[in-house]
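In: below are the sequence and a predicted model; questions follow.
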Amino acid sequence: MNLNRRDVLRFSAASIGGMSILPGARWASAADSLTASEAIQVLNPRGRVPLSFIIDDSTCLVNMGHFCMPQFAHAWPEREVYKQPWREWPREIPDSFVREFGEWCAEHGVKGKYSIVPYPACVGWLDRTLPGWSSQDLDNSLALVRDLMMPNWDIHPEMITHTRIIDLKTGRPMAEVNAGTMENSYPQTDISTDHLAAYLAYALTILKNCGLKCEGITTPGGFGNRVKDKLPVAVHQAVRDVFGSELPHFFKYVKNGSESTAPRLEFNGEKVAANLTMNVPAGTGDWFGSWEGSKQPEPDRYCNEDATSGRMVELIGRGEPAVMLCHWPGMYCNGTKIGFEAFQRVVRSLGSRFGDQTVWMKVSEIGRYWAAKELTSITRVNESTINMSAPLGCDGFTFSASVPNVTQQPFIEHNGNKTPLQSVPKISRLTSHSFAGADGKTIFCVDLPKGESTLSFG
């Protein structure tokens with residue numbers, strides 16, 4: 001496990017009587033000669049660095065760069081960025097490109113988050129009608145998202161329109177058009193958590209009507225900046241109310257420089273899983289085609305050709321989640337697809353050097369792993385038994401233990417059911433329910449069940 005300065009300070013502060021108490025690990029007996037740090041360490045999933053790709057401003061058919069630009073220019077007339085020739089840009093990002101992108105990513109194992117704006121730029125409602133496209137066009141586009149994207153991508157609303165604020169009583173945009181009536185700067189004043197949750201739930205309900213499942217949300221621009229303390233609670237309430245999700249999450253923040261990219265656990269009241277929302281940040285800027293799709297890509301800022309430099313290389317080297325960010329119009333780039341081509345090069349470069357050291361995951365999967373890592377209690381009972389108490393289940397949960405030689409096939413037992421673990425020759429081959437030896441220790445990778453479970457290995 002790679003420890004940053006914050007971890008070291010926390011572990012040092014938790015040292016009691018010569019025993020270091022690790023988060024996610026608990027020692028059964030103070031008389032035992034081993035310390036917890038020597039005994040059990042929770043590692044990255046499958047012993048690898050998580051990778052993910054966050055895509056903002058995506059939706060069905062509507063090119064948000066084309067339709068958002070004039071609305072932003074109306075609200076912020078002084079900003080030069082909104083004076084670009086949007087009329088020359090295509091109004092549609094076709095499903096043929098969604099299919100090309102989704103199939104390529106599936107072939108290369110890429111996973112992440114894909115926004116679906118429910119009422120994109122006020123063009124039309126995805127659960128009703130999208131003027132300019134037939135009902136069959138809309139149905140086919142939604143089916144493509146359900147069938148191709150959902151297996152490997154979290155689906156998020158990026159609020160209701162991504163442009164104008166909607167009056168929830170009427171379903172119509174606010175009459176005035178200014179910075180104060182745009183979702184990118186909503187709300188302008190302090191509002192209640194219930195009010196904020198209602199706005200999120202409105203967006204989530206539209207996507208539910210479309211047959212799309214959501215476990216989280218993405219904030220458009222500066223949405224929620226004035227109520228940051230209430231946002232995690234509102235996300236929790238809205239996602240649970242509409243979808244019944246066990247562990248809601250959200251994307252809002254981008255971490256720069258030396259800031260940690262580890263997901264943050266946000267609690268509503270008592271620090272238990274039932275009150276938890278996961279705050280999963282990105283670790284890069286958007287250096288492909290930008291939000292409007294008009295910029296020249298700069299893929300080397302993510303990683304260069306041989307993956308020896310760039311922000312993603314830096315994050316992988318730190319052992320923390322390496323989450324790339326882009327905007328969907330910046331993949332299509334108004335039909336040139338130069339952003340997509342740059343992205344493909346980045347993925348290939350990362351895979352060529354770090355393929356055995358990284359694993360692509362959905363944003364929700366990264367959030368769940370970090371929640372399990374922080375909340376699971378792990379107790380070394382004796383030389384051949386480890387007990388685990390997990391408030392959340394988690395696939396690919398990986399930890400090392402001071403077990404130099406495994407003399408019998410390990411198995412994990414939960415509710416009377418035993419699942420054997422298979423031996424693999426090295427850490428890079430770890431999959432669910434497997435183990436490998438490394439540096440005098442054994443690395444176990446299990447699909448951690450919710451509740452109480454026991455790992456036996458001797």
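Out: Ah, there it is.
In: CA only for contacts and neighbour counts going forward, please
Out: Will do.
In: quick check: mean pLDDT of stretch 426-446?
Out: Averaged across stretch 426-446, the pLDDT comes to 94.
In: work out the gap between that stretch and the centre of the chain.
Out: Computed by CA atoms, centre = their mean, to the nearest Å, the chain-centroid distance of stretch 426-446 equals 25 Å.
In: if we ignore the residues flanking it in sequence, what's nearest the residue minimising distance to the centre of the chain?
Out: Central residue of the chain (CA atoms, centre = their mean): residue 363, 1.7 Å from the mean position. Spatial nearest neighbour of residue 363, excluding adjacent residues (CA to CA, 6 or more residues apart in numbering): residue 112 at 5.5 Å.
In: what's the pLDDT at that neighbour?
Out: Looking at residue 112, its pLDDT is 98.
In: residue 264 versus that one, what's the distance?
Out: 18 Å (CA to CA, to the nearest Å).
In: what about those two, which has more around it?
Out: residue 112 (26 against 16; other CA atoms under 10 Å).
In: where's that one relative to residue 273, distance?
Out: In terms of CA to CA, residue 112 sits 23 Å off from residue 273.
In: what of residue 144?
Out: Taken as CA to CA, the span from residue 144 to residue 273 is 33 Å.
In: where along the stretch 101-250 of the chain do the helices fall?
Out: 135-144, 193-209, 231-243 (DSSP state H, counting those that start in this stretch).
In: please identify the most buried of those helices.
Out: Among these, helix 231-243 has the highest mean neighbour count (mean count of other CA atoms under 10 Å), at a mean of 23.
In: follow-up on the earlier one: mind putting the helices of the stretch 101-250 of the chain into TSV with mean pLDDT?
Out: Shown next, in TSV, are those (pLDDT from 0 to 100):
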stretch	mean pLDDT
helix 135-144	98
helix 193-209	98
helix 231-243	98
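In: of all those helices, which one is nearest residue 78?
Out: helix 193-209 (28.6 Å; CA to CA).
In: mind giving me the packing neighbours of that closest one?
Out: Judged by 3 or more CA pairs under 8 Å, 6 or more residues apart in numbering; DSSP states H and E, helix 193-209 is in contact with helix 231-243.
In: what helices or strands is the helix it packs on leaning on?
Out: Looks like helix 231-243 contacts helix 193-209, strand 216-218, strand 249-251, strand 264-267, strand 276-279 (3+ CA pairs under 8 Å, 6+ apart).
In: possible to save those as TSV with distance to residue 179?
Out: As requested, the helices and strands packed on helix 231-243 are exported to TSV (distance: least, CA to CA, whole Å):
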stretch	distance to residue 179
helix 193-209	18
strand 216-218	20
strand 249-251	22
strand 264-267	29
strand 276-279	26
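In: so which of the ones you listed comes closest to residue 380?
Out: Per CA to CA, nearest to residue 380 of the helices and strands packed on helix 231-243: strand 264-267, 25.5 Å.
In: quickly list the domain ranges of the protein.
Out: 5-42+376-456, 49-366 (automatic domain parsing).
In: deepest-packed of these, please.
Out: domain 49-366 (a mean of 20).
In: between the two ends of it, how far is it?
Out: 10 Å.
In: one more: stretch 75-95?
Out: 30 Å.
In: kindly report the same for stretch 184-200.
Out: 14 Å.
In: out of the helices and strands packed on helix 231-243, which gets nearest to residue 315?
Out: strand 264-267 (16.7 Å).
In: what mean pLDDT does the closest one have?
Out: pLDDT averaged over strand 264-267 gives 98.
In: can you tell me the strand partners of that strand and which way each runs?
Out: According to DSSP bridges, strand 264-267 forms sheet pairs with strand 276-279 (antiparallel).
In: which residues touch the partner strand?
Out: With contacts defined as CA atoms under 8 Å, 6 or more residues apart in numbering, strand 276-279 is touched by 232-233, 235-236, 247-252, 263-268, 367-368, 371.
In: any idea of the mean pLDDT in it?
Out: Mean predicted confidence for strand 276-279 is 98.
In: give the contact list for residue 335.
Out: 90, 93.
In: go ahead and confirm residue 248 touches residue 236.
Out: Yes: contact between residue 248 and residue 236 holds when scored by CA atoms under 8 Å: they sit 5.5 Å apart.
In: do you know how far the closest residue to residue 409 other than its chain neighbours is from residue 46?
Out: In space, and not counting its chain neighbours, residue 409 is closest to residue 457: 6.2 Å by CA to CA, 6+ apart. Counting by CA to CA, the gap from residue 457 to residue 46 is 19 Å.
In: more crowded one of these two?
Out: Per other CA under 10 Å, whichever of residue 457 and residue 46 has more neighbours is residue 46, with 27 against 19.
In: got the phi and psi for that one?
Out: With angles defined as degrees, to the nearest 10, residue 46 sits at phi 60, psi 20.
In: looks like it contacts residue 445 (just checking).
Out: Yes: judged on CA under 8 Å, residue 46 makes contact with residue 445 at a distance of 6.1 Å.
In: joint contacts of the two?
Out: Taking CA under 8 Å, 6+ apart as the contact rule, residue 46 and residue 445 both touch 396, 397, 398, 430, 431, 432.
In: so for the second one, what's the pLDDT?
Out: Residue 397 is assigned a pLDDT of 98 by the prediction.
In: part of a helix, is it?
Out: No: using DSSP: H, G, I helix; E, B strand; the rest coil, the assignment for residue 397 is strand, not a helix.
In: quick one: contacts for it?
Out: Residue 397 sits next to 44, 45, 46, 369, 432, 445, 446, 447, 448 when contact means CA under 8 Å, 6+ apart.
In: and the residues you listed as JSON lines, adding distance to residue 241 and secondary structure?
Out: Below are these laid out as JSON lines (distance: CA to CA, whole Å; DSSP: H, G, I helix; E, B strand; the rest coil):
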{"residue": "44", "distance to residue 241": "31", "secondary structure": "coil"}
{"residue": "45", "distance to residue 241": "30", "secondary structure": "helix"}
{"residue": "46", "distance to residue 241": "33", "secondary structure": "helix"}
{"residue": "369", "distance to residue 241": "23", "secondary structure": "helix"}
{"residue": "432", "distance to residue 241": "32", "secondary structure": "coil"}
{"residue": "445", "distance to residue 241": "33", "secondary structure": "strand"}
{"residue": "446", "distance to residue 241": "31", "secondary structure": "strand"}
{"residue": "447", "distance to residue 241": "27", "secondary structure": "strand"}
{"residue": "448", "distance to residue 241": "26", "secondary structure": "strand"}
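In: can you lay out these as a markdown table showing distance to residue 240?
Out: Formatted as a markdown table, the contacts of residue 397 follow (distance: CA to CA, whole Å):
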| residue | distance to residue 240 |
| --- | --- |
| 44 | 27 |
| 45 | 26 |
| 46 | 29 |
| 369 | 19 |
| 432 | 28 |
| 445 | 29 |
| 446 | 27 |
| 447 | 24 |
| 448 | 23 |
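In: tell me where the model's unsure across the stretch 1-150 of the chain.
Out: 1-38 (pLDDT under 70).
In: done for today, thanks.
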